[in-house]
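S.K.: Got a sequence here, can you build the structure:
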Amino acid sequence: MAGGRQTRTTWCSRCGAYLSVPPGARSVRCALCHAVTRVERHGGLHQAVGFIKGLLNAFGSPSQPPPSSSGSMRVGDPYRLPASYPRARGKKRALLVGISYSYTKYELKGTVNDVNCMTYLLRERFGFPTDCILVLTQEDKDPYRVPTKDNLRLAMRWLVEGCTSGDSLVFHFSGHGMQKLDNNGDEVDGYDEAICPLDFEDRGVILDDEINETIVRPLGPGVKLHAIVDTCHSGTILDLPYLCRISRTGYWQWENHNRQPETPKGTSGGLAISFSGCGDSQNSADTTAFAGSTSTGAMTYSFIKAVESEPGTTYGRLLNAMRATIRDNGGDSGIPGPIGSFFRRVITFSCAQEPQLCASEAFDIYRKPFLL
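M.R.: Residues are numbered from 1 along each chain as shown. You can find the predicted model right below:
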C-alpha cells in the first residue's frame, strides 16, 4: 500500500549532501547547491557511484592524487574518508575541532586548549575511547586533520557514518562564527549562522543549513548527538527546530524555529541537542578576535564546570549553571577534582555571553537527565 512506503535517502551528485527522497520521486533538488540529482531505482551501487562523483566534484579534481602518507584515502571506501581518521566504530564517537587561525588578523589563542579539555572530559568522565575521537587542529601535521572546509565536511560525515541505535555522538567546535543573509527564507531572524573553517577567506564558511543536513538529518532512531559549539552567533548553529528560552528565575519554554514545515530540520528519528556559546546576535568570549580580543575558554569552561560540579544533572540545571558561571566571571570554587586541576593549567577565562540550548524535539528540561 502507498501508506507503507518508506522515505528513501540519497546523496547530492554535486556537493555530497544527505537528501531525503519522497516516495515515487525520480529526482530531488539539493537545498544547499540547488543541483538536481537523479534517483536511481537499481539499488545501492548506483547511489554509491553518484555519491563518489559528488565527492570528487566537491573536494578536488580526480587528476590530483592524495598525498602518499598516513592521510591517504582508502581505496574502495564508499565515503572516501582519509585512512588516518579513526577506524573504530564504537558506540561513543566524537569530533572535536579547534581553529586558532594562526598568523592572521583573526588569530585565537586558546581553541586548542578547549579541544584538549574536551578530549580529557570525554575520556575520563564519559568513557569515550581514544580511538573513537577525531581531533582537527591547525597544528596537526596530518593534512587531513587540519580544519579546512573540505576536511571539516569529511570529518562531519565520519562522525555520523554508520551510526546505529544506542550510539552517542559529540561534535565540539571552538573557533570563529558569523552570520550570513538568509537566501532561502528558513531563518526566523533572516540570517543563517555559520562556522568559519581555517580557509574561510578563500573557500567560504559552512552554513547551518549544511551542518543540519550533514550531522542532524542522518540520525536514526536511538542515535543521540550532542553539539558544544563555542563561536560567535552560534545560538542556532545546528539549525535545530526548537530553541529553549529560559529566564533567570528558571521559567522556560521552547520556541519553534522551523519556518518551513515542508523542509524539516529535525532528525530521522534520533535526538540532536546543542549547547552554544551565545545567542545568534551575540559575540562569544572565546571567539571575539574579530573585535580585537583573543581571550578563550569561557563557554567550554562553563560547560565542563557545570558537568563536573553536578553529576547526574538535568539539561535545565546544566544550562542555568553554565550561565551563572559566566555571569560570575568563572565563579570562586572552580572545577573540582583532577579534571579541574588539568583544566586550570591550560585554560583562560573571560566573561561575555549567554549560552543557549537547542534541540530536535521539545522535552522537559528539568526532568530529562543530561547523558553523553
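
S.K.: surely Ile153 meets Thr214?
M.R.: Actually, residue 153 is Arg. It isn't Ile. Yes - Arg153 lies in contact with Thr214 (C-beta atoms under 8 Å); the separation is 7.1 Å. Where you see a C-beta, it was placed from the backbone N, CA and C, and this is true even at glycine.

S.K.: and Thr119, that one's in a strand?
M.R.: No - judged by DSSP: H, G, I helix; E, B strand; the rest coil, Thr119 forms no part of a strand; its state is helix.

S.K.: the strands in the stretch 51-200 of the chain, which residues?
M.R.: All strands of the stretch 51-200 of the chain, identified by DSSP state E, counting those that start in this stretch, fall at 92-98, 133-137, 168-174, 177-181, 191-195.

S.K.: Quickly run through the sheet partners of the second one, with directions.
M.R.: Right, strand 133-137. Partners of strand 133-137 in the sheet, by DSSP bridges, are strand 92-98 (parallel).

S.K.: how many other residues sit next to Ile273?
M.R.: Neighbour count of Ile273, defined by other C-beta atoms under 10 Å: 22.

S.K.: Show the pLDDT at it.
M.R.: Listed pLDDT for Ile273 reads 97.

S.K.: Ok, Lys180 next?
M.R.: Predicted confidence (pLDDT) for Lys180: 78.

S.K.: All further residue positions should be reported with the first residue as 37.
M.R.: Yep, numbering from 37; the last one is Lys216 now.

S.K.: Report the contact partners of it.
M.R.: Lys216 makes contacts with 227-228, 230, 241, 243, as judged by C-beta atoms under 8 Å, 6 or more residues apart in numbering.

S.K.: hang on, Phe209 packs against Thr267?
M.R.: Yes - contact criterion C-beta under 8 Å: Phe209 and Thr267 qualify, at 6.5 Å.

S.K.: which residues do those two both contact?
M.R.: Shared contacts of Phe209 and Thr267, defined by C-beta under 8 Å, 6+ apart, comprise Ile231.

S.K.: By average pLDDT, which secondary structure element in the chain comes out worst?
M.R.: Between all helices and strands in the chain, the lowest mean by mean pLDDT, DSSP states H and E belongs to helix 80-95, at a mean of 41.

S.K.: Ser338 and Ala308: what is the separation?
M.R.: Going from Ser338 to Ala308 by C-beta to C-beta, to the nearest Å gives 21 Å.

S.K.: Among those two, which residue is more densely surrounded?
M.R.: Neighbour count, other C-beta under 10 Å: between Ser338 and Ala308, Ser338 has more, with 30 against 27.

S.K.: That one belongs to a helix, doesn't it?
M.R.: Yes - Ser338: assigned to a helix according to three-state DSSP.

S.K.: so what's it up against?
M.R.: Residues near Ser338 by C-beta under 8 Å, 6+ apart: 357-359, 361-362, 391.

S.K.: Pipe those into TSV and attach neighbour count, secondary structure and pLDDT per row.
M.R.: Listed next are the contacts of Ser338 as TSV, based on neighbours: other C-beta atoms under 10 Å; DSSP: H, G, I helix; E, B strand; the rest coil; pLDDT from 0 to 100:
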residue	neighbour count	secondary structure	pLDDT
Ala357	20	helix	90
Met358	25	helix	87
Arg359	18	helix	85
Thr361	26	helix	82
Ile362	25	helix	80
Pro391	29	coil	86
